[in-house]
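K.L.:
Sharing a model that was predicted from the sequence below.
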Amino acid sequence: MTRIRLVLPLLLAVAALHGAVTLRPDYAGLTIPPNIAPLNFDVQGAPASATVTLANGTLAHDFPVHVRIPADFWRALLQAPAYTITVRDGDATLLCATNTVAKQAIDPVLAYRLIPPSYENYQRMGLWWRDLTTFAEHPLFTNLQTSNTQCVNCHSFRNGNPDALLFHLRAENPGTLIYTGKDDPGRKRNFKVGPFFASGVYPAWHPSGDFAAFSVNDTMQVFYYANRDKIEVLDTRSDMLLYDLRDDSVIPVETNPLLFDCFPAWSPDGKTLYSTAAEPGFPSIPDDKEERSRQAIQGYTNLCYNLIARDFDPARRTFSKPRVVLNVADSHRSVTLPRVSPDGRWLVFSLGPQGVFHVWHKASDLWILDLQKRTFRPLDELNSPDAESYHAFSSNGAWMVFSSRRDDGAYTRPYIAHFDPASGRFGKPFILPQKDPAHHDRRILSYNVPEFAKAPPSRTPRDLRRLANQSARDATLARDATLARDATLARDAAPPHDAH
């Protein structure tokens, strides 16, 4: 009887231990690209004597609980449509999971900005790119290459082409660096001309490559003293411009100065410009920066942005009157970061309590809008209790990357998920794989604005440094800017029509 009493608690303890066996990162039950780097992981909650087996039906390999997968075995493993992960301790199976290997490859390059909390330090930041088929990470441009360690901001590739690149430099010697292709020596431009109170910041390439839309923003930071969120980034005013790369000119997109317009995104056919817009409720926007800041702080919780769209006529360089695609401001919520799938059917956006800088909002979630059926839903398969933001589709539309703070609530890290364009559903997301699974725990930097590219960039950091250290040249206010604005006003009088 004594023996039974001793054995029973031991069995219960072992059962409890087995029930807690997990993979870190959580690389179980996924759909993964056939060209992704090895998904290395550690097994937690299992005894050191446990064995991990990876098998695809034709080959298998046993590992200790710290799984580091050889590249050759990994490539062979991905030849099958699926593989299993089995954790055993003797005859006991502690965990068994299956990962499906998709037929669609992922774009081989992911670019991002590595940045500490900007309110603490922006003296060391830069743009980096990662080879998703390996663990190799390379600098594209860091602010240590400039003479005054500027803020490096908001990179964008045209249609995934790494040689058609633009990004912005702030602070001293500011400007937007623009390359249209591999043989382009590049240009550095200042868009603070004519009616624009600042240079363009948040960009969107037109699919043709002839144009780029930028929002023009005057932002500020304020800090909470008693809130689950740390910081609020406020837009004190914003506008939208169109840059024509063919004649180096800029044109105003909107005629209403009381419409806060931000984060442009083109439809794949280039006929529609989406963005987020809010009406601040002020009778006018004061010229005095301190007064603008005071108004922004007083009314920041009421500044909620809707999803809007404008038709675009590239021949005339004009836009239709903006129409509301999704009204969430009436329910005191706010849309930001619209991104359209390559097939033009789906639009993914971030939804939060107010404003457009949802990366700082723990309540921020990703949502998806069906542009054909005009229905939308939260992406529960991707969201977490913490902030989800900055997202981008791969060039084939089969994958999406997004930033999440689900791991520690402090730093954004890139997660990847498979996308089915027929159903609008995503698979289980997984964190960017690293050679050492603990790498993300040790890197106290945020991955900001992740963007896919179809190939490694051909330009070196030295190439970009030469252009960055030049002075920016003013873009030209288009001669037909007034005509374009008048044409836009005339088009505003016409009945709006739906476009995807």
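P.N.:
Structure's in. What do you need? Numbering: from 1, shown residues only.

K.L.:
What ranges does the stretch 1-150 of the chain have for its helices?
P.N.:
2-19, 71-77 (DSSP state H, counting those that start in this stretch).

K.L.:
Quick one: distance of stretch 348-360 to the chain centre.
P.N.:
12 Å (C-alpha atoms, centre = their mean, to the nearest Å).

K.L.:
and it, which residues are buried?
P.N.:
Buried residues in stretch 348-360, counted by 16 or more other C-beta atoms under 10 Å: V348, F349, S350, L351, G352, Q354, G355, V356, F357, H358, V359, W360. C-beta coordinates here come from the backbone N, C-alpha and C atoms, glycine included.

K.L.:
I'd like the residues you listed as JSON lines, with distance to Y305 and secondary structure appended.
P.N.:
Listed next are the buried residues of stretch 348-360 as JSON lines, based on distance: C-beta to C-beta, whole Å; DSSP: H, G, I helix; E, B strand; the rest coil:
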{"residue": "V348", "distance to Y305": "16", "secondary structure": "strand"}
{"residue": "F349", "distance to Y305": "10", "secondary structure": "strand"}
{"residue": "S350", "distance to Y305": "10", "secondary structure": "strand"}
{"residue": "L351", "distance to Y305": "10", "secondary structure": "strand"}
{"residue": "G352", "distance to Y305": "9", "secondary structure": "strand"}
{"residue": "Q354", "distance to Y305": "8", "secondary structure": "coil"}
{"residue": "G355", "distance to Y305": "7", "secondary structure": "coil"}
{"residue": "V356", "distance to Y305": "5", "secondary structure": "coil"}
{"residue": "F357", "distance to Y305": "11", "secondary structure": "coil"}
{"residue": "H358", "distance to Y305": "10", "secondary structure": "helix"}
{"residue": "V359", "distance to Y305": "15", "secondary structure": "helix"}
{"residue": "W360", "distance to Y305": "15", "secondary structure": "helix"}
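
K.L.:
any chance of the residues you listed in JSON lines, plus pLDDT?
P.N.:
Formatted as JSON lines, these follow (pLDDT from 0 to 100):
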{"residue": "V348", "pLDDT": "98"}
{"residue": "F349", "pLDDT": "97"}
{"residue": "S350", "pLDDT": "95"}
{"residue": "L351", "pLDDT": "95"}
{"residue": "G352", "pLDDT": "92"}
{"residue": "Q354", "pLDDT": "83"}
{"residue": "G355", "pLDDT": "82"}
{"residue": "V356", "pLDDT": "81"}
{"residue": "F357", "pLDDT": "83"}
{"residue": "H358", "pLDDT": "76"}
{"residue": "V359", "pLDDT": "81"}
{"residue": "W360", "pLDDT": "75"}
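
K.L.:
so what does the helix or strand that contains S238 touch, helix or strand wise?
P.N.:
Assigned by DSSP states H and E, S238 falls within strand 231-244. With contacts taken as 3 or more C-beta pairs under 8 Å, 6 or more residues apart in numbering; DSSP states H and E, strand 231-244 sits against strand 211-223, strand 249-252, strand 260-266, helix 289-299.

K.L.:
With distance to L432, mean neighbour count and mean pLDDT added, can I get those in JSON lines?
P.N.:
Below are the helices and strands packed on strand 231-244 laid out as JSON lines (distance: least, C-beta to C-beta, whole Å; neighbours: other C-beta atoms under 10 Å; pLDDT from 0 to 100):
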{"stretch": "strand 211-223", "distance to L432": "27", "mean neighbour count": "20", "mean pLDDT": "83"}
{"stretch": "strand 249-252", "distance to L432": "36", "mean neighbour count": "23", "mean pLDDT": "94"}
{"stretch": "strand 260-266", "distance to L432": "23", "mean neighbour count": "24", "mean pLDDT": "94"}
{"stretch": "helix 289-299", "distance to L432": "35", "mean neighbour count": "14", "mean pLDDT": "76"}
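
K.L.:
can you tell me which of those comes nearest to T133?
P.N.:
T133 lies closest, by C-beta to C-beta, to one member of these: strand 260-266, at 27.8 Å.

K.L.:
Can you give the strand pairings for that closest one, parallel or anti for each?
P.N.:
Sheet pairing for strand 260-266, assigned by DSSP bridges, gives strand 272-278 (antiparallel).

K.L.:
Compute the inter-axis angle for the strand it pairs with and strand 211-223.
P.N.:
On the basis of axes from the mean of the first three to the mean of the last three C-alpha atoms, to 10 degrees, strand 272-278 is oriented at 20 degrees to strand 211-223.

K.L.:
Quick check: neighbours of the helix or strand harbouring I178 in the sheet, parallel or antiparallel?
P.N.:
Here I178, judged by DSSP H and E, is contained in strand 175-179. Applying DSSP bridges, strand 175-179 is found paired with strand 161-169 (antiparallel), strand 187-190 (antiparallel).
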